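Student: Here you go, sequence then predicted model.
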Amino acid sequence: MHAGLPWNGFVEDDFKVFAERAIELYKDEVRWNQSQKNGVQIINQLYNKEKIGEQFINRLGSLQKNIEAHRTRNFIGNLIQHQTLQSTKYMSKWIESKNS
């Protein structure tokens, strides 16, 4: 995610250590400002809109043209849609039973 550029924060597995590091970063103005600069540098070098913008727009256009095929191949999306419809179906049945 940062391609060897100076990182702009901390990565910790322990929640307590993560919180302590966040407080440390917040309290140290020099470190905070440097971390901000590092983050901007990462964004500008790796995610520059001039570099990836056209590719991103082309991908979106392709998805729009083939949305049905994309949705058919999207297993997780289909699963979520199915579960949403099922929950609505059973909620309707519950309300119907409750009202009778």
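Tutor: Received, thanks.
Student: Give the buried residues for stretch 66-82.
Tutor: Residues of stretch 66-82 include none that count as buried (16 or more other CB atoms under 10 Å). For every residue, glycine as well, the C-beta is placed using N, CA and C.
Student: Next: stretch 84-100.
Tutor: Of the residues in stretch 84-100, none is buried under the neighbour-count criterion (16+ other CB under 10 Å).
Student: Now find how far off-centre that stretch is within its chain.
Tutor: 33 Å (CA atoms, centre = their mean, to the nearest Å).
Student: Going forward, the N-terminal residue is numbered 100.
Tutor: Yep, numbering from 100; the last one is stretch 183-199 now.
Student: May I have it as PDB, with CA atoms only?
Tutor: Taking only C-alpha atoms (Å, rounded to 0.1, in the frame of the first residue of the first chain), the coordinates of stretch 183-199 have been written out as PDB:
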ATOM      1  CA  THR A 183     -32.300  -9.400   1.800                       C
ATOM      2  CA  LEU A 184     -35.300 -10.700  -0.200                       C
ATOM      3  CA  GLN A 185     -35.700 -13.600   2.100                       C
ATOM      4  CA  SER A 186     -35.700 -11.500   5.300                       C
ATOM      5  CA  THR A 187     -38.300  -9.200   3.700                       C
ATOM      6  CA  LYS A 188     -40.400 -12.300   2.800                       C
ATOM      7  CA  TYR A 189     -40.300 -13.700   6.300                       C
ATOM      8  CA  MET A 190     -40.900 -10.300   7.900                       C
ATOM      9  CA  SER A 191     -44.000 -10.000   5.800                       C
ATOM     10  CA  LYS A 192     -45.200 -13.400   6.800                       C
ATOM     11  CA  TRP A 193     -44.600 -12.500  10.500                       C
ATOM     12  CA  ILE A 194     -46.600  -9.300  10.200                       C
ATOM     13  CA  GLU A 195     -49.400 -11.200   8.400                       C
ATOM     14  CA  SER A 196     -49.500 -13.800  11.200                       C
ATOM     15  CA  LYS A 197     -49.400 -11.200  13.900                       C
ATOM     16  CA  ASN A 198     -52.300  -9.200  12.400                       C
ATOM     17  CA  SER A 199     -54.500 -12.200  11.900                       C
END
